[in-house]
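>>> Give me a 3D structure for the following:
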Amino acid sequence: MANVLILGAGYAGLRAAKLLAKHASQLTITIVNDHPYHYESTQLHEVAVGNKEPADITFSLRASLPDNVNLVVDTVTKIDRDQQRVELAHHDPLPYDYLINSLGFESETFGIPGAEENALPLIDIDTAVAARKHLEETLAHFSQSQDPDDLRIIVCGAGFTSIEYLGELVHRLPKLIDQYHLPADQIKIDCIEAMPKVLPMFSQDLADYAVHYLESHGVTFHTSTPITQIDPGVVHSKDTSYTAHTIIWTTGVQGSHVIADSGYAQKRNRVMVQDDLTVKDHPNEYIIGDVSAVPDPASGRLYPTTAQIAIAQADTAAHNIRAQVSGRTPSKFTFHSLGTVCSLGPTSGVAEINMLGHWKFKGVIVGPLKKLVNDRSVLELANVRTMLESN
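Here you go, the predicted model:
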């Protein structure tokens, strides 16, 4: 029997395990993950603001994985490709015949001085909970300090996660204002972005709607404003400085550092893969999800790292491993986006859907769309029971 080892139980890894488990008579399947749970990374911003609890966006891996998939809860430290084994922090190395590397993402600071030390990233449950705790404690502290910077919040970056975080934030702020008896007119929210456009993945009219919605709820955007340094409580952009005691870092992500540590040819810890998602000269090794770099044949640009594409990659990787074990030719990866949904809190948002045509949505209708996307994701990764328990 072929030994398949899957690294990471995010969208890509968990989906691949579920599909391969249907063919366990030919395979031994093991998945390695840092934690005994899966978390919906697309909803971390909701936990970071306090509109959801960690339990709302997590589910048990053991309860959701098929019985014929082995689960190892440990941290991957290195991939020994010559020996075909994976080194772990607390267990003996695990050998493999086929490897699916879906190790996930880490925060990207782009080498900006002070970003790692003085800003709060949103990359997992622990960092989201830390961001929420800091936000609430800082706002509560104003009653004693009367320091205006306790009422100031800076979001670094204006990409997808940044905008969704801001939407959740402005939705919850009225409750926080009442809870901590804050002066609403003194709260200041700044969003600082190096690029000239917000939400470039959307058409201009939808991006404008999102910006105008957030501006009407107190957010000030500073585009074409590259961040050059972050000191405690201060974000610098060339000759301009912005002060706040809550600084959220959502400028971008990179792949797991294990990629570079294991000697891959990589950029930002993402590996350029073959058209079947394998690594050059390693036909038994698949790299998918946030650690893969896949060019769009139409544009030549790399696909963005999204949950939707990670699940599609998992489908291809699982299919190709089954093909290789059976002596058939692997298939090329193809991807057709079903669209993009960006929430602005639970009561608004923007969306472009590519099903039965191209559809644009904005406003309250996006809330049910977002829930549909989240439910579909859980169903593809786990089962109906897990999906129903997450509601």
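
>>> who touches the nearest residue to Y209 once chain neighbours are set aside in this structure?
Excluding the flanking residues, the one nearest Y209 by CB to CB, 6 or more residues apart in numbering is K362, at 4.8 Å. Every residue, glycine included, has its C-beta placed from N, CA and C. By CB atoms under 8 Å, 6 or more residues apart in numbering, the contact set of K362 is 206, 209, 348-351.

>>> next one: D205
Shown in contact with D205 (CB under 8 Å, 6+ apart): K360.

>>> buried set for the helix or strand containing it?
Using DSSP states H and E, D205 falls within helix 204-216. Within helix 204-216, the residues scored as buried using 16 or more other CB atoms under 10 Å are 206-207, 209-211, 213-214.

>>> same deal with stretch 322-332?
Under the neighbour-count criterion of 16+ other CB under 10 Å, stretch 322-332 has 322, 324-325, 330 buried.

>>> and the residues you listed as a markdown table, adding secondary structure, pLDDT and distance to F202?
As requested, the buried residues of stretch 322-332 are arranged in a markdown table below (DSSP: H, G, I helix; E, B strand; the rest coil; pLDDT from 0 to 100; distance: CB to CB, whole Å):
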| residue | secondary structure | pLDDT | distance to F202 |
| --- | --- | --- | --- |
| R322 | helix | 95 | 37 |
| Q324 | helix | 96 | 39 |
| V325 | helix | 94 | 41 |
| P330 | coil | 94 | 34 |
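
>>> how about a markdown table for those, with distance to P183 added?
What follows is the buried residues of stretch 322-332, written out as a markdown table (distance: CB to CB, whole Å):
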| residue | distance to P183 |
| --- | --- |
| R322 | 62 |
| Q324 | 64 |
| V325 | 65 |
| P330 | 62 |
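
>>> For these, which two are the farthest from each other?
Farthest pair in the buried residues of stretch 322-332 (CB to CB) is V325 and P330. Separation: 10.8 Å.

>>> any idea how far the residue nearest to Y209 lies from A351?
Distance, K362 to A351, by CB to CB, to the nearest Å: 7 Å.

>>> Name the residues contacting each of the two.
Joint contacts of K362 and A351 (CB under 8 Å, 6+ apart) are L206.

>>> Domain boundaries for this structure, per the record?
2-34+74-108+253-336, 115-249 (automatic domain parsing).

>>> How about the spatially most central residue of the chain, nearest residue that isn't a chain neighbour?
In the chain, the centroid-proximal residue (CA atoms, centre = their mean) is S41; its distance is 4.5 Å. Among residues not flanking S41 along the chain, G10 sits closest, at 6.7 Å (CB to CB, 6+ apart).

>>> List the contacts of that neighbour.
Counting by CB under 8 Å, 6+ apart, G10 touches 38, 41, 102, 104, 289-290, 310.

>>> Out of these, which comes closest to G252?
Closest approach between those and G252, by CB to CB: D290, at 11.4 Å.

>>> The closest one should be in a strand, yeah?
No: D290: not assigned to a strand; according to DSSP: H, G, I helix; E, B strand; the rest coil it is helix.

>>> What about the closest residue to it other than its chain neighbours, how many residues nearby?
Among residues not flanking D290 along the chain, F105 sits closest, at 3.9 Å (CB to CB, 6+ apart). Burial of F105 is recorded as 22 neighbouring residues (other CB atoms under 10 Å).

>>> from memory F105 sits against I123, does it?
Yes: using CB atoms under 8 Å, F105 makes contact with I123 at a distance of 6.7 Å.

>>> Give the intersection of the neighbour lists for the two.
V253.

>>> Would you map the helices across the stretch 51-200 of the chain?
Secondary structure of the stretch 51-200 of the chain (DSSP state H, counting those that start in this stretch): helices at 61-64, 115-118, 125-145, 160-180.

>>> Which two among the contacts of K362 are spaced furthest apart?
L206 and S348 (11.8 Å).

>>> Can you name the residues that contact T334?
Listed by CB under 8 Å, 6+ apart, the contact partners of T334 are T316.

>>> Report pLDDT for the residue nearest to H236 when sequence neighbours are not counted.
Leaving aside its sequence neighbours, H236 sits nearest to Q229 (CB to CB, 6+ apart; 4.4 Å). For Q229, the model assigns a pLDDT of 97.

>>> and what of S377?
On the pLDDT scale, S377 is placed at 65.

>>> Use 35 as the first number for this chain going forward.
Renumbered: residue one is now 35, and that last one reads S411.

>>> Make sure L54 is indeed in a strand.
No: L54: not assigned to a strand; according to three-state DSSP it is helix.

>>> what number of residues lie near it?
Residues near L54, counting by other CB under 10 Å: 29.

>>> For the residue nearest to S326 when sequence neighbours are not counted, give me its contacts.
Nearest non-adjacent residue to S326, counting by CB to CB, 6+ apart: V307, 5.3 Å away. For V307, the contact set (CB under 8 Å, 6+ apart) comprises 313, 320-321, 326-328.
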